[in-house]
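> let me see the structure of the following:
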Amino acid sequence: MSAPELFNPTSVTAPVGHYSHGSFIKAGSGVLFLAGQVGIKPDGTTPPTLAEQAEEVFANIVRVLKAKDMTIANLAKINIYVVAGQPISEVRAARTRYLGDHKPASTFIYVPQLADLKYLIEIEGVAAR
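This is a model prediction of the structure:
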């Protein structure tokens, strides 16, 4: 079993961001669904800024993947939710630091608010091995 196959069909315009249009998971793969991760540190604190929370969200994703012997390379799909009015550049910077050249299928959505007013970002995902 291997990581998801990320692809961009030539019949669709090239992605406008750091993602792939499709992510194919072969039958027989182990699939991991990542619950929405927010910027809470392992000690239970939540940093006040989007930049800090984005760093922690991606760190939490890495921690969840590691718990099942997976890495970022196993990430097939992510949905990013950010509170409206927050700068996308800070999310992109953290994403690049953690994902590097890996481009899973991705959706980015601005929302009015998350489950707690202190949360500025939440990311859920799917990984496969």
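
> run through the strands of this structure in chain order.
For the chain, the strands defined by DSSP state E occupy 5-7, 22-24, 31-38, 75-83, 105-111, 121-128.

> what does the fourth one rub up against?
Judged by CB atoms under 8 Å, 6 or more residues apart in numbering, the contacts made with strand 75-83 from elsewhere in the structure are 4, 6, 23, 25, 36, 50, 61, 65, 88, 91, 95, 99, 102, 104-114, 119-128. The C-beta positions use only the backbone N, C-alpha and C, and glycine is treated the same way.

> with just CA atoms, put it into CSV.
As requested, the backbone C-alpha atoms of strand 75-83 are provided in CSV (Å, rounded to 0.1, in the frame of the first residue of the first chain):
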residue,chain,number,x,y,z
LEU,A,75,-2.3,13.3,3.4
ALA,A,76,-4.9,13.0,0.6
LYS,A,77,-7.3,15.9,1.3
ILE,A,78,-7.7,18.8,3.6
ASN,A,79,-10.4,21.3,4.3
ILE,A,80,-9.3,24.6,5.7
TYR,A,81,-11.7,26.9,7.6
VAL,A,82,-10.6,30.4,8.6
VAL,A,83,-12.6,33.1,10.3
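
> direction included, what does it pair up with?
strand 105-111 (parallel), strand 121-128 (antiparallel) (DSSP bridges).

> buried deepest among the ones you listed, which one?
strand 121-128 (a mean of 22; mean count of other CB atoms under 10 Å).

> what separates stretch 60-73 from the chain centre, distance-wise?
Distance, stretch centre to chain centre, for stretch 60-73: 11 Å (CA atoms, centre = their mean, to the nearest Å).
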